[in-house]
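*Asks:* Below are the sequence and a predicted model; questions follow.
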Amino acid sequence: MKILYVVTKSNWGGAQRHVYDLSTAMKAAGNEVWVALGGDGILKQKLEQAGIYTFSIASMGRDISVGKDAGSFRALSRIIKDKRPDVLHLHSPKAAGLGSLAGRLRRVKLIVTTVHGWSFNESRPFHQRAAIALFSWATVLLSHKTIVLSKREYSQGLYFPFARARMRLIPLGIRPPVFMSIDGARQFVARAIGMSSADLGGRFLIVNLAELHRNKGQSYLIEAMAAVAGAHPGALCVIISDGEEKAALAKLIAEKGLEGRVFLAGYVDEATQYLKAFNLMVMSSVKEGLPYTILEAGTAGLPVVSTAVGGIPEAIEDMRSGILVQPRNSHELAHAISFMIEHPDDRRRYGAALKEKVQRDFSLENMVAKVKEVYGSEV
């Protein structure tokens, strides 16, 4: 089977991780695999190290641009014409919209789109969300099959007319990460934030591992840390990633007087291996599908405080395997963080329960097997 994956950006976010896991698994199964992506970022490097040929489309990006989008469409159409894939598997809205149309015009036998969180769930004016919903419906109709990652998004997708037969629910799956020892991981974190290992000793370490994008809600986490700081002076928060909101978040940290308490550590390759350095993961997203980082925290036995958005409540049961709070509510987030700091027995119990849940329900092998079933289905 010849499979062409397409993803809008080439950074290392959830959609890109998904493309990497699927493309490497399908190549290992004996298929011919290519990936087309926007730019030449970390995903491109990782794919090429894995022996997967990539096509970089410099014009393809998240923002709307008629000229650039037209150029991206022409580039995708040429790639499809040249490679003649049996399966065209699209990830992220821009790639899905352009790719599904190009695939139809080039008569690709099976066009599959994976939705990494419906974009109409973002905080936008009503008219914008309505337009995005219409665009999403068009993409579903142009695709032969649409995969969603959570029950909530599956139920939302069923509201689209003529979509029921096209929708498939396939939760994320991960391979168990390899973690560094607690001491080794803490030494790395100390270097990353400019502290000595001795100064870090005894501190309560909080991690946020998400792209610096407004959908990830890190501004609410920073505001929550301003409230936590007074009662828990030993608590430090390390935000690991990069993105377009970096300058705005750095400014907010300064405004709240949180230098030395909240750190923007930047992008760290294979950051998951350092999770055992931390006492708590906090996800402050306002829009999600089902983030890999929560599943990875679970495999590390790391307790999680998260907003109850997207598919997250399907992984975390409130007050049993973590704490769920409402999005855009820094006060509620601060209260949950303080509870975790003050109740170590509950914290350990939540981490153990999440680990059991992830091991049982979110295996990579199960995810790949279900995607293979979609590839083998009748169009």
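*Replies:* Cool, the structure landed.
*Asks:* Please tell me how far the residue of the chain positioned farthest from its centre sits from K145.
*Replies:* Here the chain reaches farthest from its C-alpha mean at A198, the gap being 33.2 Å by CA atoms, centre = their mean. For A198, the distance to K145 equals 55 Å [CB to CB, to the nearest Å]. Quick note: C-beta positions are derived from backbone N, CA and C, even for glycine.
*Asks:* Which residues does the helix or strand that contains V19 contact?
*Replies:* Element membership for V19 (DSSP states H and E) is helix 14-28. With contact meaning CB atoms under 8 Å, 6 or more residues apart in numbering, helix 14-28 is reached by 1, 3, 5, 7-10, 33, 35, 37, 42-43, 46-47, 50-52, 89, 91-92, 114, 116, 172-175, 289, 291-292, 364, 367-368, 371.
*Asks:* what do you get for stretch 153-160?
*Replies:* So stretch 153-160 is in contact with 115, 117-118, 121, 136-137, 140, 146, 148, 163-164, 167, 169, 289, 310-311, going by CB under 8 Å, 6+ apart.
*Asks:* Any of those buried? List them.
*Replies:* Listed as buried from these are 115, 117-118, 121, 136-137, 140, 146, 148, 163, 167, 289, 310-311; burial here means 16 or more other CB atoms under 10 Å.
*Asks:* and which of those residues is nearest to A336?
*Replies:* Comparing the buried ones among the contacts of stretch 153-160 against A336 with CB to CB places G310 closest, at 17.9 Å.
*Asks:* Now the closest one: closest residue in space, sequence neighbours ignored.
*Replies:* Spatial nearest neighbour of G310, chain neighbours left out: E288 (3.6 Å); criterion: CB to CB, 6 or more residues apart in numbering.
*Asks:* how far away is that neighbour from Y5?
*Replies:* With CB to CB as the criterion, E288 and Y5 are 21 Å apart.
*Asks:* H89 too?
*Replies:* Relative to Y5, and taking CB to CB, H89 is found at 5 Å.
*Asks:* Between those two, which is the more surrounded one?
*Replies:* Just comparing H89 and Y5: by other CB atoms under 10 Å the higher neighbour count belongs to H89, 32 against 28.
*Asks:* any idea how far F160 is from that one?
*Replies:* H89 is 20 Å from F160, by CB to CB.
*Asks:* Am I right that the residue farthest from the centre of the chain falls within a strand?
*Replies:* No - in this structure, A198 is helix, not part of a strand, as judged by DSSP: H, G, I helix; E, B strand; the rest coil.
*Asks:* Could you check the pLDDT of it?
*Replies:* We have a pLDDT of 85 for A198.
*Asks:* and it, how far is that from N279?
*Replies:* Distance from A198 to N279, by CB to CB: 18 Å.
*Asks:* same deal with L47?
*Replies:* 34 Å.
*Asks:* same thing with Y220?
*Replies:* In terms of CB to CB, Y220 sits 20 Å off from N279.
*Asks:* just E356 next, same as before
*Replies:* Taken as CB to CB, the span from E356 to N279 is 19 Å.
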